[in-house]
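**Student:** here is my input, please return the structure:
(chains A and B)
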Amino acid sequence: MTELVRLKDVWKTYDVGGQAVHALSGINISISEGQYVAIMGQSGSGKSTMLNLLGCLDKPTSGEYWLGEKDVSKYTDGQLSEVRNLSIGFVFQSFNLLPRISVLANIEVPLFYRGMPRSLRHPKSWELARMVALGDRALHSPQELSGGQRQRVAIARALANDPLILLADEPTGNLDSATSRDIMDLFDELHQRGRTIIMVTHELEIAAHANRVINLADGRVLQDSLNDSTSPGESTPTPPPQPSEDRE
Amino acid sequence: MKALNKAADIMLLGFSSLNVHKVRSFLTSLSIIFGVGCVIASLAINAGASSEAQKSLRELGSDNIIVNAIKPPEDSSSKGGFGALRYGITKDDVVRLRDNIPKVERCVVVHRTKKYALANKKRMSVSIIATEPSYAEVARVEMQAGRFFHGRDTLRYKPHCILTYSLAREMFGHIDPMGKLVCLGKKDFRVIGVLKRLPRALAGGASGGDRQVLIPLSTDEAVFGSITSMGTQGSYVLEKVDVHQVILQMADEQAVLDGAQVARSLLQRFHEKKDYNVVVPIEEIELKKKQKRIWNIVMLLIAGVSLLVGGIGIMNIMLASVTERTREIGIRRALGAKRGDITVQFLVEAVTLTMVGGLLGIALGLVTPVLIEKFLGFPGVLTTSMLWLPFAVAVLVGLLSGIYPATRAAMLDPIDALRHE
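**Tutor:** So this is what the prediction gives:
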């Protein structure tokens, strides 16, 4: 399978009161198309930094980050904005929907910044709302929705520009267990349809949905293991990249 | 095309976010409303005043030097015949002025008297203005009906008179006054004309409201002489004034200015008391222009300060808005908004705020001509450029004061912004 993400000796160093603190110390990771990866670690392990780097919200101090065919580690702010818009779909723990506009308008935001004309945005966002089973709620404001519904809106929004990777940060962190299950089912379904998913979590239960778990500690990869037991309907992936279905 | 589409969308976005804080937005744009309204009002007053000044110059005549007799401060020195108070311009003065000032085209003399008029079975007190035929050209007299005096009227001491329009109405109602007789003092005068209204030059200093009757100067001298009884506070004081007003029409503007100097020094030499004044319309216009310039500067300062305050208010509210919406900015950045997109969104918001204020300010400004007319007594003048120019300045203020908050919003770090509570 095609390699989608490659981190080559990535360091992230912060200057804290004149002292260099390494949040990431020489990370090497390769993620291929269609993989469902959970990134785990204690707080302070560097997983947030990792997520920000993978999401192109931040740049590594040194090293290379290949996303698709491009090394984005030296990109300018504007270029990174474009990468975030077209190649990355974010799902946050706190949903991060815009409160004052409708569900539909929220889903449209990435299409909007891509420059898609209104006439095309509309049918597309309706389609996405129906995909996450919120067709009947499309014109409501996010504040009128339940937590699970909000997260489904966020997922629909993340998929709007058909990104290379879906990046989820504790997507069930603010949800009760029943709703969490629904959301994880949705991720599983997306994975089965060939979506590449990278999920940061500290819950083993959630990580169990992934077919690969990367454990971070002190800014290094502690463990990178395949996880075939809990992913039903998943062909057994063999070390490094080897996932299954094609992307739609 | 794509970029254009996006730009239009972002503008709509900036526009729509004002909807959320209607009251706050309105309060913020208040200073802009007043700023723009104030500028428009001052421009309207200015233009109105200057057109008014030009009108009065046209009426007084820019090529005229006017010398008026004025009653000196109360003191009973130089008594004329019959114990009458003697003051004002003498016939010698007139000759001196006419012969010593270069480039005098015409010289007209006016003498006033108060008499009772009897006509159409009505008796009323009128002021009689005696003057010469050339007065018509010098003071730009406009006739409602009939004609002004001819040289013949003067030569033959004709008992002719001209009424002002309002007096004609008062005396004769709807009857045509032409050819009717009006008894002034003890003599009958025939009405040969009606003035549209009293020329400005005559109105100055004339008492008796608009009840004015014009008669030929020669007739006046023959019939009434130069002694006038003037009623002051119930008691009659006899006054002897040869000439109440001399109007010198000059060849050109420079002659007016030079002539005024000569006239002043001539009169000073022969008058112990200041029982005259010299009015030079051009000089007055120059003075008014100077006063207007000061007024302009003051108004501009006020307008500038209110727009500055408005701009600061907008900057303040935009900074608050940026802080309040840090998370929104973070979300938008994460979803692909570039720095420029965020800048434009907030700039549009700031500009919209001033545009709304500017439009309301224009509405306020449109009312000003009515208020000016009511309180200042002359019509305010509004042109389209007086409306859009202050508006454009206000929008510029919005743009300038939006730059800093918008840039601050755009420069926020997406990660920090997303974490913001």
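
**Student:** wait, is residue A:53 part of a strand?
**Tutor:** No. Using DSSP: H, G, I helix; E, B strand; the rest coil, the assignment for residue A:53 is helix, not a strand.

**Student:** excluding residues flanking it in the chain, which one is nearest it?
**Tutor:** Counting by C-beta to C-beta, 6 or more residues apart in numbering or on different chains, residue A:53 lies nearest to residue A:60, which is 5.8 Å off, once chain neighbours are set aside. No exception for glycine: its C-beta is placed from N, CA and C like everyone else's.

**Student:** and if you look at residue B:20?
**Tutor:** Sequence neighbours aside, residue A:100 is the residue nearest to residue B:20 in space, at 6.0 Å (criterion: C-beta to C-beta, 6+ apart).

**Student:** the one you found reaches residue A:141, doesn't it?
**Tutor:** Yes. Using C-beta atoms under 8 Å, residue A:100 is in contact with residue A:141, at 7.3 Å.

**Student:** near chain B, which residues of chain A?
**Tutor:** With C-beta under 8 Å from any C-beta of the partner chain as the criterion, chain A meets chain B at residues A:52, A:55, A:57-58, A:77-78, A:81-82, A:84-86, A:90, A:92, A:96-98, A:100, A:109-110, A:112-118, A:157, A:161.

**Student:** before we move on, back to that, doesn't the residue nearest to residue B:20 belong to a strand?
**Tutor:** No. Applying three-state DSSP, one finds residue A:100 to be coil, outside a strand.

**Student:** tell me the contacts of it?
**Tutor:** Going by C-beta atoms under 8 Å, 6 or more residues apart in numbering or on different chains, residue A:100 touches A:141, B:17, B:20.

**Student:** name the residue of chain B that lies nearest to chain A.
**Tutor:** Of all residues in chain B, residue B:336 sits closest to chain A, at 2.3 Å by C-beta to the nearest C-beta.

**Student:** what's the burial count for the closest residue in space to that residue that isn't next to it in sequence?
**Tutor:** What sits nearest to residue B:336 in space, not counting adjacent residues and going by C-beta to C-beta, 6+ apart, is residue A:85, at 2.3 Å. By other C-beta atoms under 10 Å in any protein chain shown, 25 other residues sit near residue A:85.

**Student:** show me what counts as buried in the host helix or strand of residue B:347.
**Tutor:** Using DSSP states H and E, residue B:347 sits in helix B:339-376. Using 16 or more other C-beta atoms under 10 Å in any protein chain shown as the test for burial, helix B:339-376 gives B:339, B:341-362, B:364-365, B:368-369, B:372.

**Student:** now do the helix or strand just after that helix and helix B:339-376, the angle between them.
**Tutor:** Per DSSP H and E, the first helix or strand lying C-terminal to helix B:339-376 is helix B:384-411. Angle, helix B:384-411 to helix B:339-376, by axes from the mean of the first three to the mean of the last three C-alpha atoms, to 10 degrees: 150 degrees.

**Student:** remind me what helix B:384-411 packs against, helices and strands.
**Tutor:** When contacts are defined as 3 or more C-beta pairs under 8 Å, 6 or more residues apart in numbering or on different chains; DSSP states H and E, helix B:384-411 packs onto helix B:22-60, helix B:281-324, helix B:339-376.

**Student:** what residues sit buried inside it?
**Tutor:** Across helix B:384-411, burial judged by 16+ other C-beta under 10 Å covers B:386-387, B:390-391, B:393-395, B:397-399, B:401-403, B:405-406, B:408-410.

**Student:** helix or strand next in line after it, which one?
**Tutor:** Using DSSP H and E, the helix or strand that directly follows helix B:384-411 along the chain is helix B:414-419.

**Student:** any idea how far that following helix is from the chain center?
**Tutor:** Helix B:414-419 sits 61 Å away from the centroid of its parent chain (C-alpha atoms, centre = their mean, to the nearest Å).

**Student:** who's in contact with it?
**Tutor:** Against helix B:414-419 from outside (C-beta under 8 Å, 6+ apart): A:52, A:57, A:58, A:92, A:96, B:326, B:327, B:329, B:330, B:331, B:333, B:334.

**Student:** mind giving me the ChimeraX select for the contacts of residue A:100, buried ones only?
**Tutor:** The following ChimeraX line selects those of the contacts of residue A:100 that are buried, judged by 16+ other C-beta under 10 Å:
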select /A:141 /B:17
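
**Student:** take the contacts of residue A:100 and lay them out in a markdown table including distance to residue B:194, pLDDT and secondary structure.
**Tutor:** Formatted as a markdown table, the contacts of residue A:100 follow (distance: C-beta to C-beta, whole Å; pLDDT from 0 to 100; DSSP: H, G, I helix; E, B strand; the rest coil):
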| residue | distance to residue B:194 | pLDDT | secondary structure |
| --- | --- | --- | --- |
| A:141 | 77 | 92 | coil |
| B:17 | 68 | 72 | helix |
| B:20 | 68 | 71 | coil |
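
**Student:** what's the closest of the contacts of residue A:100 to residue B:155?
**Tutor:** Proximity of these to residue B:155 (C-beta to C-beta) peaks at residue B:17, which lies at 85.5 Å.

**Student:** residues of chain B that sit close to chain A?
**Tutor:** Contact residues (C-beta under 8 Å from any C-beta) of chain B with chain A: B:2-3, B:5-6, B:9, B:17, B:20, B:327-328, B:330-341, B:414-415, B:418.

**Student:** switch the cut-off to 7 Å
**Tutor:** B:2-3, B:5-6, B:9, B:20, B:328, B:331-339, B:341, B:414-415, B:418 (C-beta under 7 Å from any C-beta of the partner chain).

**Student:** please list only the buried members of these.
**Tutor:** B:6, B:9, B:328, B:331-339, B:341, B:414-415, B:418.

**Student:** in those, find the pair that's most separated.
**Tutor:** B:9 and B:415 (25.6 Å).

**Student:** rewinding a little: could the helices and strands packed on helix B:384-411 go into JSON lines alongside mean pLDDT?
**Tutor:** Below are the helices and strands packed on helix B:384-411 laid out as JSON lines (pLDDT from 0 to 100):
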{"stretch": "helix B:22-60", "mean pLDDT": "82"}
{"stretch": "helix B:281-324", "mean pLDDT": "85"}
{"stretch": "helix B:339-376", "mean pLDDT": "88"}
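
**Student:** among those helices, which comes closest to residue B:238?
**Tutor:** Nearest of the helices and strands packed on helix B:384-411 (C-beta to C-beta): helix B:22-60, 30.7 Å.

**Student:** which other residues reach the helix or strand following that closest one?
**Tutor:** Remark: after helix B:22-60, the chain's next helix or strand is strand B:64-69, criterion DSSP H and E. Outside strand B:64-69, the residues that touch it by C-beta atoms under 7 Å, 6 or more residues apart in numbering or on different chains are B:87-89, B:97, B:138, B:201, B:204-205, B:241, B:243-250, B:256, B:259-260, B:263, B:275-281.
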